[in-house]
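Chemist: Build the 3D model from these lines:
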Amino acid sequence: MNRDVLSSSKPKEVVFIRHGKPLSAHNEKVNAAEYANWVRNYNKSPLDPVSQPKQITHLNNSYIAVSPLLRAKLTAAHYGVTSIDEELPYLKEMDIPYYKLPFTLRSWHWVLLSRALWFMGTKGRFESFKFAKQRVEKLATHIDDISSKHPRVVLFGHGMTNYFTRKALIKKGWQLKEKDSDFWGVTILQKVG
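Modeler: Coordinates of the predicted model:
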């Protein structure tokens, strides 16, 4: 194929939109049992009405996929989405681990510590890191397949899942064009062909 034709073809685009800040995302000092309850509340929480997106990306002519978790669905609704093309179970957040440890920490410090233990393979009553990575590999393959029919795919998802899916897509030839991993953050990948 002529190189000029390749360079002029419009790239496919995958847009990850991280959910808005949950109302329950506070950071008080808690023990292990209270932290486990914090995780449960975080997973059921509505969005904080004070927290708003820094930018809104357009959804025109996009294939819309959403995580089954409430905070992602509410974020899509905030964007004005009234009809989604697909609810993707693989897009749900990687489980937030929690362990019975004998101390008190701020909630987000628990998240960091628990994630570190989880990355090292410490097991618990939640999906393993190995299983979660396999899940996002399947998600990346699915997104890559969808993009062959829909040149712009918008995913309303979660921080860790977005991060590892992004890495898997980059291995498949996608290029990072924009990145924001905060609440409401928009990350864009593109691929020619």
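Chemist: Which positions in stretch 112-131 come out as buried?
Modeler: For stretch 112-131, burial by neighbour count (16 or more other CB atoms under 10 Å) applies to L113, S114, L117, W118, F126, E127, S128, F129. The way it works is simple: take the backbone N, C-alpha and C, and place the C-beta from them, glycine included.
Chemist: And those, which two are furthest apart?
Modeler: Spatial extent of the buried residues of stretch 112-131 (CB to CB) is set by the pair L113 and E127 at 18.0 Å.
Chemist: distance between the helix or strand harbouring T75 and the chain's centre?
Modeler: T75 is part of helix 70-78, with elements assigned from DSSP states H and E. Here helix 70-78 is found 12 Å from its chain centre; the criterion is CA atoms, centre = their mean, to the nearest Å.
Chemist: Pairing partners for the helix or strand that that helix is followed by, with directions?
Modeler: Remark: after helix 70-78, the chain's next helix or strand is strand 86-87, criterion DSSP H and E. In the sheet, strand 86-87 lines up against strand 63-66 (parallel) (DSSP bridges).
Chemist: Sketch out the low-pLDDT regions of this structure for me.
Modeler: Counting by pLDDT under 70, the low-confidence segments of the chain come to 1-8.
Chemist: spatially speaking, which residue is in the middle of it?
Modeler: The centre of the chain sits closest to H158, judged by CA atoms, centre = their mean, with a distance of 2.3 Å.
Chemist: What residues does the closest residue to it other than its chain neighbours make contact with?
Modeler: Leaving aside its sequence neighbours, H158 sits nearest to E93 (CB to CB, 6 or more residues apart in numbering; 3.6 Å). By CB atoms under 8 Å, 6 or more residues apart in numbering, the contact list for E93 reads S67, L69, G157, H158, G159, M160, T161.
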